[in-house]
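> Here is the input, now give the coordinates:
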Amino acid sequence: MQNIDKNRALNWYQTMMTIRNFENIIDDSNRAGHLHGTTHLYNGEEAIATAVCDLLREQDLILSTHRNHGHAIAKGTATYAMFAEIFGKVTGTNGGHGGSMHISDRSVGNIGGNGIVGGNYPVALGLAKALKMDNSDNIVVCFSGDGSTNEGTFHESLNLASIWQLPIIFVVENNQYAMSSDSSVMIAGSISERAKNYQMSTYKVDGQDVFAVHATFAQARQDLVHGPVLIEAVTYRFKGHSRSDSEQYRTPDEFFNWEDPIRKLRENLLAEYDVSSEELALIDEKIYAQLSSEAKQALSDIAPTLSADIWKAVYSD
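Numbers count the residues shown, from 1 in each chain. Got it, this is the predicted structure:
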C-alpha cells in the first residue's frame with residue numbers, strides 16, 4: 001500500500017472516524033435544537049482532508065469553506081473547542097462568535113472556514129504571497145468545492161497564483177453538487193482541465209481512496225518548486241448541502257454508486273495490515289465515547305454575554 005506503514009494507516013482511520021462521528025453528533029444535536037444557524041457536514045469526504053493534512057506541517061496553512069469541520073479536525077484543531085464553537089459557547093475556537101462556518105485555529109495553521117462561496121481564494125492567495133515574500137518554506141492549501149469554480153475569484157486567483165509562482169495547492173472537493181445543482185450540468189468541462197489553462201500542474205484523483213489522495217498530494221507538494229498546483233478530488237457528500245436540504249434532487253440509487261472512504265480503508269486495514277476487526281471496533285468505541293463526552297460538556301458551557309463580549313474581537317480606536 002504505497003509504503004504506508006501500519007501506524008500511519010491506523011492514524012488515518014482514527015482521523016476519519018473522528019470526523020465521521022463528530023459530524024454525526026453535530027447532526028443529532030442540530031435536530032435536537034441544540035445549536036443555532038445551519039451546518040454543512042463532511043460525511044463521505046473524510047479521505048481528502050485526512051490525506052492532505054497528514055502531509056502538512058503545523059506551520060503550513062489551510063483555508064476552508066462553509067463545510068470546514070473535517071479540515072479543522074484533520075489539521076489538529078481540538079474537537080472540544082469545535083463543539084463549543086458550534087454550540088455558541090465562550091470555550092469555542094472563536095469564543096462562540098464564529099459558529100459552524102467560521103472555525104479557525106491559528107495555533108495549528110487552520111486559518112479558518114468561510115461562509116462565502118469562493119471567498120477563501122483571495123485570502124489564500126494573499127497568505128501565499130506573504131510566505132513567498134518572507135522566503136518561507138511553508139505552503140498554503142486552499143480547500144474548496146466544485147460550485148466555487150464558477151466564481152470569478154477562482155479564476156482570478158489561479159491566474160495570479162501562476163503569474164506570481166506562489167506556494168499554494170488548490171484542493172477542489174468535487175462532491176457532485178453545488179447545493180442542489182448537479183455539477184455535471186453547471187461546469188463546462190473538467191475542473192482540473194480548466195486549471196491547466198493557468199499554466200499549473202493539475203491532478204484528478206479518487207477522493208474516496210485515502211491512499212490515492214495521499215500519493216497525489218505528496219507529488220503535488222513536490223511540484224510546488226515549479227509553481228502552484230490544483231488537485232480535483234472526485235468525491236460525494238453523504239448528507240445534504242445543509243440541515244435544510246430535503247435532498248429531493250437525488251435518487252436513492254446514487255449512494256450505491258459511491259464507495260464509503262472509511263469502509264474502503266477499513267477493508268484495506270483488515271486485508272493488508274494484519275489489523276483485527278476487534279481492534280478497529282475498540283478504536284470506534286473509544287472515539288465515539290470521547291466525542292459524546294466532549295459534546296455533552298461543551299453544551300453545558302456558558303455562552304458569550306452582550307455586556308462582557310460585545311467589544312471583543314473587533315477593530316476599534
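> And the strands in the stretch 1-150 of the chain?
Counting by DSSP state E, counting those that start in this stretch, the stretch 1-150 of the chain has strands at residues 61-63, 110-112, 140-145.
> Now do the last one, average pLDDT.
Just to be clear, that refers to strand 140-145. Averaging pLDDT along strand 140-145 gives 97.
> Report all helices and strands that that strand contacts.
Strand 140-145 sits against helix 46-54, strand 61-63, helix 120-133, strand 168-174, with contacts defined as 3 or more Cβ pairs under 8 Å, 6 or more residues apart in numbering; DSSP states H and E. All C-beta spots, glycine's among them, are computed from the backbone N, C-alpha and C.
> Identify the residues contacting the second one?
In this case it means strand 61-63. Outside strand 61-63, the residues within contact range by Cβ atoms under 8 Å, 6 or more residues apart in numbering are 53, 56, 71, 75, 109-112, 114, 120, 123-124, 127, 131, 138-143.
> redo that, cut-off 7 Å
With contacts defined as Cβ atoms under 7 Å, 6 or more residues apart in numbering, strand 61-63 is touched by 71, 75, 109-112, 120, 123-124, 127, 138, 140-143.
> before we move on, back to that, tell me which of the strands of the stretch 1-150 of the chain sits most buried.
Greatest average neighbour count among these goes to strand 140-145 (a mean of 28), per mean count of other Cβ atoms under 10 Å.
> Which positions in the following helix or strand past that one come out as buried?
Later in the chain than strand 140-145, the nearest helix or strand by DSSP states H and E is helix 152-164. Residues of helix 152-164 classed as buried: 153-155, 157-158, 160-162, 164 (neighbour count, 16 or more other Cβ atoms under 10 Å).
> so which of the residues you listed comes closest to P252?
Ranked by distance to P252 (Cβ to Cβ), the buried residues of helix 152-164 are led by F154 at 32.2 Å.
> Surely that closest one touches Y121?
Yes. Contact criterion Cβ atoms under 7 Å: F154 and Y121 qualify, at 5.8 Å.
> which residue sits closest to S29, ignoring its sequence neighbours?
L35 (5.8 Å; Cβ to Cβ, 6 or more residues apart in numbering).
> I am finished for the moment; much appreciated.
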